[in-house]
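*Asks:* I would like to see how this sequence folds:
(2 chains)
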Amino acid sequence: MAFNFDQIFKEALSVGIAAAKPGGNEAQDWMKKSAKANEDALRSIIQEFSNRNISKETAQYLFGQNERALRAEAAALKVIAHAAAQAAVNGFFEALRTGILAALKVAL
Amino acid sequence: MLCAALIATLFAGCVTWVPPFDNGAMTRINGLTNNSLAMYQSLIDTNPANRGDLFASTFSERWSEIEAQARVHLVFEQSRESNIGSIKAATELLGFWTASKQQYCKAVTDLHGTACGSLAAGEKSAMSDFVLTRDRTTLEQILGAMIKAEEAKKLASNVSR
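*Replies:* Next up is the predicted model:
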């Protein structure tokens, strides 16, 4: 290989984990898992390019498509987190509302 | 007075960070998943030497139909309130699909064909087994993310009034 993929990947991952810090452990864990899941794909693209099986433009294209998948997965994760939080908050208020209304009925 | 204020607060409504689950959206995603993956299967099953030209001729109409489906899906997603995550995922799918077309057009050898115009470059490796299987995996990731995002809305819908 013409360049050190492992080193580039390691540095990119540490930048990603640092950027995910404000999102807490879950965001950082997702970043790690997602990057690891894509590592083989990225490595195979570099391998194909190094073996001259694909052009530089095709390698760039494949990296770009892979980025789209990561962005779509991050967007889905956000929806899942929001849906879970919404269910929790609304469930809490629903129970609270029911309880207080029942208590008010008795009191009035 | 206090009771009235308390009741008003209690009935103020639920928080809405994601829209309710939409069966229509899931049906559209299912359609996109079936059609796009079937398209990839057809391309992978085609002799690599003929892929570019068949892409520009036989497959171009189906490709455009799926692109239109992806655009329709994006428009519907954009019309739903509090739906940024799904809009983002649908945008990535459309971006993937249009970028793929440009990439595969490079494999077209018939430089006088109309479907790919000036993009045709006769670059066979632009549509090699490696490129197609890599793209299919990426497509599965994007579609999977869209399905998970819509399914998650069921969780929120179960509690929302």
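
*Asks:* what's the longest helix in chain B?
*Replies:* Ordering each helix of chain B by length in residues (DSSP state H) puts helix B:129-157 first.

*Asks:* now that one, how far from the centre of its chain.
*Replies:* A distance of 8 Å separates the C-alpha centroid of helix B:129-157 from that of its chain, computed with Cα atoms, centre = their mean, to the nearest Å.

*Asks:* Return the set of buried residues in it.
*Replies:* B:130-132, B:134-136, B:138-139, B:141-153, B:155-157 (16 or more other Cβ atoms under 10 Å in any protein chain shown). C-betas here are computed from N, CA, C, even on glycine.

*Asks:* same check, this time on stretch B:43-52
*Replies:* Applying a neighbour-count criterion of 16+ other Cβ under 10 Å, the buried positions in stretch B:43-52 are B:43, B:46, B:51-52.

*Asks:* Go through those residues and say which is closest to residue B:17.
*Replies:* Using Cβ to Cβ, the shortest approach to residue B:17 within the buried residues of stretch B:43-52 belongs to residue B:43, at 39.1 Å.

*Asks:* Next, the closest one: secondary structure please.
*Replies:* Using DSSP: H, G, I helix; E, B strand; the rest coil, the secondary structure recorded for residue B:43 is helix.

*Asks:* Grab the nearest non-local neighbour of it.
*Replies:* residue B:132 (5.7 Å; Cβ to Cβ, 6 or more residues apart in numbering or on different chains).

*Asks:* what about the residue sitting nearest the centre point of chain A, distance to residue B:148?
*Replies:* The C-alpha lying nearest the average C-alpha coordinate of chain A belongs to residue A:74 (Cα atoms, centre = their mean; 3.6 Å). Look at residue A:74 and residue B:148: by Cβ to Cβ, to the nearest Å, they are 12 Å apart.

*Asks:* Repeat that for residue B:65.
*Replies:* Applying Cβ to Cβ, one obtains 25 Å for the distance of residue B:65 from residue B:148.

*Asks:* Can you pull the phi/psi pair for residue B:116?
*Replies:* phi -110, psi -10 (degrees, to the nearest 10).

*Asks:* Burial check on it, number of neighbours?
*Replies:* The number of residues packed around residue B:116, counting by other Cβ atoms under 10 Å in any protein chain shown, is 23.

*Asks:* Tell me if I'm right that it and residue B:122 touch.
*Replies:* No. The criterion here is Cβ atoms under 8 Å, and residue B:116 misses it with residue B:122 at 10.8 Å.

*Asks:* Mutual contacts of the two, please.
*Replies:* Residues within reach of residue B:116 and of residue B:122 at once, by Cβ atoms under 8 Å, 6 or more residues apart in numbering or on different chains, are residue B:108.
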